[in-house]
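Q: With the sequence up front, the predicted model follows.
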Amino acid sequence: MVARFITFEGIDGAGKSTHIAALTAYLSDKGATVVGTREPGGTELAEALRELVLHRRMDGLTEALLVFAGRRDHLQRVIEPALAAGQTVLCDRFTDATFAYQGGGRGMDAGVLAALEQWVQQGRQPDLTLWFDLPPAQAAQRRAAAREADRFEQQDLAFFERVRAGYAQRAADAPARFARIDASRSVAEVAAQIQAVMVARQW
Ligand code: TYD
């Protein structure tokens, strides 16, 4: 089996969750063993760090250090072993979120984040990143209807504009890895876009 590492990114309220479930079903039907996971989190230690990052006050560098600490544990215990066993890993957010939220949103230096990325990932990158892109105002409407806000979700539109710009920069830096999904469309239309990405890659 071909090991694949697929990540899902986008600002809060972009609608990733529905499509992660759909893609899990699609790839399982094709015979893949799918491991679903998320960041921050994915291991007991990293989930404990997630609680801190989402609910305690701290600056951008502290956030980045905690998410990368969790990421190292997650890579060692879950992601790398799964890929080594030929499994498909679907991860709800990964390092692009750090560049978007701590970099774009909080204004942390991208060079520092790139150094941490190198230390922690040792060259490991997703094979495909599905970037759910939509205007922050539309995402805010969806969030308001759906759930109570965590520390990031309480940020204003200007913060999410910067996060979105952070994703756009990462996509421009790695165009072969990124597929931009127009997440402003209906669930069916978004699913069709993801399907088209899979068909184009013969996955
Ligand atoms: P999210 O993945 O949207 O989970 P839920 O759907 O349960 O709300 O929430 C995770 C939050 O963490 C999101 O606001 C983005 C933020 N985040 C960072 O700031 N940096 C990171 O490196 C990652 C992975 C996430």
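A: Looks like it arrived, so ask away.
Q: For the lowest-mean-pLDDT helix or strand in the chain, output the C-alpha coordinates as PDB.
A: Across the helices and strands of the chain, mean confidence by mean pLDDT, DSSP states H and E is lowest for helix 136-146: a mean of 90. What follows is helix 136-146, C-alpha atoms only, in PDB (Å, rounded to 0.1, in the frame of the first residue of the first chain):
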ATOM      1  CA  PRO A 136     -13.300  35.500   7.100                       C
ATOM      2  CA  ALA A 137     -16.700  37.200   7.400                       C
ATOM      3  CA  GLN A 138     -18.400  34.100   5.900                       C
ATOM      4  CA  ALA A 139     -16.500  31.800   8.200                       C
ATOM      5  CA  ALA A 140     -17.500  33.900  11.200                       C
ATOM      6  CA  GLN A 141     -21.200  33.500  10.300                       C
ATOM      7  CA  ARG A 142     -20.800  29.700  10.100                       C
ATOM      8  CA  ARG A 143     -18.900  29.600  13.500                       C
ATOM      9  CA  ALA A 144     -21.600  31.800  15.200                       C
ATOM     10  CA  ALA A 145     -24.200  29.200  14.100                       C
ATOM     11  CA  ALA A 146     -22.200  26.200  15.200                       C
END
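Q: What residues does the protein have near the ligand?
A: Within the chain, the positions near the ligand by Cβ under 6 Å from any ligand atom are Asp12, Glu39, Pro40, Val67, Asp92, Arg93, Ala97, Thr98, Tyr101, Gln102, Asp150, Phe152. All C-beta spots, glycine's among them, are computed from the backbone N, C-alpha and C.
Q: again, only using 5 Å
A: Within reach of the ligand by Cβ under 5 Å from any ligand atom, the chain has these residues: Asp12, Glu39, Pro40, Val67, Arg93, Ala97, Thr98, Tyr101, Phe152.
Q: Report the mean per-residue pLDDT for the helix or strand following the least confident helix or strand of the chain.
A: Next along the chain after helix 136-146, taking DSSP states H and E as the criterion, comes helix 157-173. Across helix 157-173, pLDDT averages out at 97.
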